[in-house]
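K.L.:
Structure for this input, please:
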Amino acid sequence: MFEIIFLILIVLYFIQSFIFFIGVQKRFPVIDKDKLLSATVLVAARNEEKNILKCLESLDKIIYPNDKLEILIVDDRSTDRTGEIIESFIKDKPIFKKIISKEESGKLKGKTNALACGIKEAKGEIIFTTDADCIVKPSWVIKTASYYKENIVMVNGFTTQIANSNFSGMQSIDFIYLLMIASSTINLGKPISCIGNNMSYLKKAYLEVGGYEALPFSVTEDFNLLMAISKLKKYKIIYPLDQETLVTSIPCKNFKELYRQKKRWAVGGLGVPFSGFIILITGYLTYLCLLLLPFFYSTLSLFLLLIKIVIDYLILFPIHKKLGIIKNMKYFFVTEIYFTVYVLALPFLVLFNKKVKWKGREF
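P.N.:
Predicted structure coming up:
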């Protein structure tokens with residue numbers, strides 16, 4: 001009986017993975033550089049004195065017409081040297097501007113409040129968001145902006161993480177796997193997630209949904225905005241697999257940080273559409289079978305396990321190659337073990353306690 005259930009799940013897992021692979025490979029046309037819209041890059045920073053300088057240095061290298069670009073750094077009431085570092089770096093750079101977030105009120109809390117403050121002052125037609133612990137490529141803005149054709153109002157991008165150990169490497173592959181699903185579902189017209197550290201959208205679409213002031217508060221403001229714009233049902237949202245728009249972030253330093261990150265994502269993702277739950281359930285049951293495998297061992301079960309591993313590798317390898325981070329695939333096998341543990345633990349992260357600790361605040 002176990003073998004039959006496992007076989008059915010592996011077939012479903014294969015079909016699901018094949019659909020992901022088709023969706024993520026979708027290509028999109030780009031516009032000529034003389035048709036680029038004006039852009040505002042927005043970074044909300046809170047207590048990021050260890051990371052903010054590298055982020056600012058990468059932003060300073062962005063290639064884009066200066067008369068069409070501004071970079072707004074929102075100091076979200078940091079209690080460390082973040083604000084001082086920002087001011088020192090941008091003092092002779094007119095394209096940069098520092099903003100201090102206003103007091104929180106109503107639905108505007110935490111990062112959502114900081115972003116809302118920045119967008120109010122943004123002059124660009126396209127809003128780009130990334131995080132203070134991220135490094136962007138010089139081509140990030142110009143390539144992403146080139147996808148804004150016809151009625152496209154949101155363009156998302158991939159984020160990887162610095163991978164120099166098993167712990168950071170498994171986080172990096174995890175990021176790419178999750179964003180593969182996000183990319184595929186968006187490109188196939190069924191959006192379920194995105195990531196705010198590599199996200200862009202037209203300001204007019206943001207205003208049309210009422211901005212963050214009109215949306216219910218969420219600890220995953222990126223997902224919140226994605227779903228709000230998607231529900232308008234009159235614009236296109238795309239998620240290209242493009243090395244030129246790849247952003248690099250810093251991985252969690254320890255399991256405590258990783259736990260808090262996963263819990264925040266799990267709590268924020270409770271509003272995922274039905275299609276997202278189907279994906280979660282298929283994955284959960286598949287990994288549950290892997291956990292039970294030692295108790296129902298057979299040649300067929302072992303063969304099905306190998307098929308599952310091969311499926312994951314054949315999907316992840318070409319995506320990593322396309323993004324120019326194939327070296328991270330050396331952490332593939334440790335990631336497979338990590339997947340099994342955290343996928344099975346995920347529901348329990350929010351089952352008894354939905355409180356989230358983030359940047360020294362509790363939500």
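K.L.:
Would you mind measuring from the spatially most central residue of the chain to residue 261?
P.N.:
The centre of the chain sits closest to residue 195, judged by C-alpha atoms, centre = their mean, with a distance of 2.1 Å. Separation of residue 195 from residue 261 (C-beta to C-beta, to the nearest Å) stands at 12 Å. C-beta here means a position set from N, CA and C on the backbone, and glycine is covered the same way.
K.L.:
How about residue 210?
P.N.:
28 Å.
K.L.:
Report the secondary structure state of the nearest residue to residue 99 once chain neighbours are set aside.
P.N.:
Leaving out its chain neighbours, the residue that sits closest to residue 99 by C-beta to C-beta, 6 or more residues apart in numbering is residue 74, at 4.7 Å. Using DSSP: H, G, I helix; E, B strand; the rest coil, the structure places residue 74 in strand.
K.L.:
what does residue 308 give?
P.N.:
Following three-state DSSP, we place residue 308 in the helix state.
K.L.:
hang on, isn't it packed against residue 10?
P.N.:
Yes - assessed by C-beta atoms under 8 Å, residue 308 is found in contact with residue 10 at 6.0 Å.
K.L.:
overlap in contacts of those two?
P.N.:
Taking C-beta atoms under 8 Å, 6 or more residues apart in numbering as the criterion, residue 308 and residue 10 both touch residue 286.
K.L.:
sorry, back to before: give the contact list for the residue nearest to the centre of the chain.
P.N.:
Residue 195 sits in contact with 156, 159, 175, 179, 182, 222, where contact means C-beta under 8 Å, 6+ apart.
K.L.:
Isn't residue 98 up against residue 86?
P.N.:
Yes - contact criterion C-beta under 8 Å: residue 98 and residue 86 qualify, at 5.1 Å.
K.L.:
overlap in contacts of these two?
P.N.:
Residues touching both residue 98 and residue 86 (C-beta under 8 Å, 6+ apart): 73, 75.
K.L.:
These two: who's more crowded?
P.N.:
Neighbours were counted for residue 98 and for residue 86 using other C-beta atoms under 10 Å; residue 86 has more, 28 against 16.
K.L.:
Shouldn't the more buried one be within a helix?
P.N.:
Yes - remark: residue 86 belongs to a helix, assigned using three-state DSSP.
K.L.:
Find the residue closest to residue 140 in space, skipping its chain neighbours.
P.N.:
Leaving aside its sequence neighbours, residue 140 sits nearest to residue 245 (C-beta to C-beta, 6+ apart; 5.5 Å).
K.L.:
Could you pull up the residues touching that neighbour?
P.N.:
Per C-beta under 8 Å, 6+ apart, neighbours of residue 245: 137, 139, 140, 143, 144, 157, 158, 198.
K.L.:
for residue 158, same thing?
P.N.:
Residue 158 makes contacts with 176, 179, 183, 198, 241, 242, 245, 246, 247, 323, as judged by C-beta under 8 Å, 6+ apart.
K.L.:
Among these, which lie within strands?
P.N.:
Among those, the ones falling in strands (DSSP state E) are residue 247.
K.L.:
With distance to residue 2 added, can I get the contacts of residue 158 in JSON lines?
P.N.:
Converted to JSON lines, these look like this (distance: C-beta to C-beta, whole Å):
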{"residue": "176", "distance to residue 2": "31"}
{"residue": "179", "distance to residue 2": "33"}
{"residue": "183", "distance to residue 2": "34"}
{"residue": "198", "distance to residue 2": "41"}
{"residue": "241", "distance to residue 2": "37"}
{"residue": "242", "distance to residue 2": "42"}
{"residue": "245", "distance to residue 2": "44"}
{"residue": "246", "distance to residue 2": "41"}
{"residue": "247", "distance to residue 2": "42"}
{"residue": "323", "distance to residue 2": "37"}
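K.L.:
between the contacts of residue 158, which is nearest residue 49?
P.N.:
residue 247 (20.5 Å; C-beta to C-beta).
K.L.:
okay, now that closest one: neighbour count?
P.N.:
If we define neighbours as other C-beta under 10 Å, then residue 247 has 21 of them.
K.L.:
Quick check: it touching residue 197?
P.N.:
Yes - applying C-beta under 8 Å, one finds residue 247 in contact with residue 197, separated by 5.9 Å.
K.L.:
residues shared between the contacts of those two?
P.N.:
130, 134, 159.
K.L.:
Make CSV out of those residues and add pLDDT.
P.N.:
Shown next, in CSV, are these (pLDDT from 0 to 100):
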residue, pLDDT
130, 97
134, 97
159, 97
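K.L.:
Can you tell me which of those is closest to residue 276?
P.N.:
So of these, ranked by how close each gets to residue 276 (C-beta to C-beta), first place is residue 159, at 19.3 Å.
K.L.:
which residues touch the closest one?
P.N.:
134, 175, 179, 195, 197, 198, 246, 247, 248, 249.
K.L.:
got the domain boundaries for the chain?
P.N.:
The record assigns the chain these domain ranges, following automatic domain parsing: 2-22+269-345, 29-266.
K.L.:
chain center to the shortest one, what's the gap?
P.N.:
Per C-alpha atoms, centre = their mean, to the nearest Å, the displacement of domain 2-22+269-345 from the mean C-alpha position of its chain is 20 Å.
K.L.:
and residue 219, how many residues sit next to it?
P.N.:
Per other C-beta under 10 Å, the neighbour tally for residue 219 reads 23.
K.L.:
Can you check the pLDDT for residue 109?
P.N.:
If you check residue 109, the pLDDT there is 80.
K.L.:
go on, residue 185?
P.N.:
According to the prediction, residue 185 has pLDDT 97.
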